[in-house]
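structure for the following, please:
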Amino acid sequence: MPKHLVFVGGGHAHLTALMNLRDTVRAGHRATLIGPSPYHYYSGMGPGLLSGIYRPAEARFHVKKMAQDRGATFIEDRVVLVDPVRRALVLGSGVEVRYDAVSFNTGSEVPLDLLHPSGDDVFPVKPIENLLAARRRIREADAGKRFRVIVVGGGSAAVEIAANLGHLGMETGRIEGITLVSRSTVLGDFPEEARAQARGALARWGVETIEGVAAESIADRRVRLENGADLEGDMVFVATGIRPSPLFRKSGLPTGADGGLLVNEYLQCIGPPELFGGGDCVSLAGSPLARVGVYAVRQNRPLHRNLSAFLEGRPLQRFDPGGDFLLILNLGDRKGLFRRKEIVWSGRLAFRLKEYLDRRFMRKFQVSGELRESREE
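Here you go, the predicted structure:
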């Protein structure tokens, strides 16, 4: 019997399923993609978008066109509530979309509730579009304007943002100071050698690093620290970690400790079986995964297989998270910081390896004329 399959979000974990939508439609099913934008940006290239190493068209997928070209419907909106009893999704516009099966890949957000930020000078590092807006703010400022910038956070995202702001400052001459403030040691979960190399990279960009002091609030272009000091900045980037959206808890669905949709080894919700998901918005029951993009990439094919199998009534296949993964940080000067377990090294070769891997992934799913789009936005 024909079914209606709905994708919520066009993130990394959905790309294989979206690429193969023609097969879904040919089998007689209906497919719909719901997302906040026609585009999905690849987070691994986000810091490079900020510095200008990449233009927007190089770092995004035109998921609206990908879906529509394959016979699916695209709805530009957000899901604000899931009603599993009625098998209905409530959108921000108030429209309801009924489904037979739904898969979530809505990514994650930066938790801001502890910092209570106010003003339009605060830029959470997710969604990636925030980094493009920040770049435009700096490049399009009045002549003579120079920005003091604060980065709150000490993880890999914070290091990459601070380093790429250094690159942007060098390019534009409009950044007069960058301060990174971290509640703990910078790259605290990395080997000491990686921390030393990251500090060296930040020092080359002139980044002032404050470690072991938490930020308490952001208001009126000031970051108040727990020791009572204030840091003044024209722009504040927040990279204090990520968490899934509150959608699943709000909908009363099974969730992990951080609110991600709780799924089993088939990437299927442990509650209503017609719910699936991948990427940062889900929590794998029994063995929670680090919230890094590599797992969304690894979930691509198994999620596609299991969505097809569910529609056709076939057995599902287990998702194997795989073994160790490597991380390569973009240090802003076309150098990278490579880390795989305790192996650490940095330099231009590391960045070239990162570029090779990132661009290979992009080429696979940029099938909608993305690279022919405008050079700068």
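
element containing the closest residue to residue 327 other than its chain neighbours?
Among residues not flanking residue 327 along the chain, residue 339 sits closest, at 5.0 Å (C-beta to C-beta, 6 or more residues apart in numbering). From N, CA and C alone the C-beta is placed, and that goes for glycine too. Per DSSP states H and E, residue 339 falls inside strand 336-340.

list the strands paired with the very next helix or strand once past that strand, with their directions.
The first helix or strand that comes after strand 336-340 along the chain, using DSSP H and E, is strand 343-347. Its sheet considered, strand 343-347 pairs with strand 336-340 (antiparallel) by DSSP bridges.

how about the partner strand: buried residues?
336-339 (16 or more other C-beta atoms under 10 Å).

can you give me the helices in the stretch 101-250 of the chain?
Here the stretch 101-250 of the chain has its helices, by DSSP state H, counting those that start in this stretch, at 129-139, 156-172, 192-204, 247-250.

need the winner for burial among those.
When you average the neighbours per residue for each of the helices of the stretch 101-250 of the chain (mean count of other C-beta atoms under 10 Å), helix 156-172 leads with a mean of 24.

picking up where we left off before, enumerate every residue touching the residue nearest to residue 327.
190-191, 194, 326-329 (C-beta atoms under 8 Å, 6 or more residues apart in numbering).

if we go to 6 Å?
Going by C-beta atoms under 6 Å, 6 or more residues apart in numbering, residue 339 touches 190, 194, 327.

likewise residue 221?
Per C-beta under 6 Å, 6+ apart, neighbours of residue 221: residue 121.

same deal with residue 149?
Neighbouring residues of residue 149 by C-beta under 6 Å, 6+ apart: 165, 175, 178, 233, 235.

show me the beta-bridge partners of the third one.
Beta bridges link residue 178 to residue 149 when assigned by DSSP bridges.

which parts of the biggest helix by length in the chain are buried?
Counting residues, the longest helix found in the chain (DSSP state H) is helix 293-312. Neighbour counts over helix 293-312 (16+ other C-beta under 10 Å) mark 293-308, 310-311 as buried.

other SSEs contacting the following helix or strand past that helix?
Counting by DSSP H and E, the element after helix 293-312 in chain order, helix or strand, is strand 327-330. Packing contacts for strand 327-330, counted by 3 or more C-beta pairs under 6 Å, 6 or more residues apart in numbering; DSSP states H and E, involve helix 156-172, strand 336-340.

residues of strand 327-330 that come out buried?
327-330.

which one of the residues you listed is nearest residue 266?
residue 327 (27.2 Å; C-beta to C-beta).

okay, that closest one: pLDDT?
Per-residue pLDDT puts residue 327 at 94.

and it, how far from residue 278?
Residue 327 is 20 Å from residue 278, where distance means C-beta to C-beta, to the nearest Å.

next one: residue 13
The gap separating residue 13 from residue 278 is 3 Å, by C-beta to C-beta.

next: residue 259.
16 Å.

the two: which has the busier surroundings?
residue 278 (30 against 19; other C-beta atoms under 10 Å).

quick check, central residue of the chain?
The centroid of the chain falls nearest to residue 43 when counting by C-alpha atoms, centre = their mean (4.6 Å).
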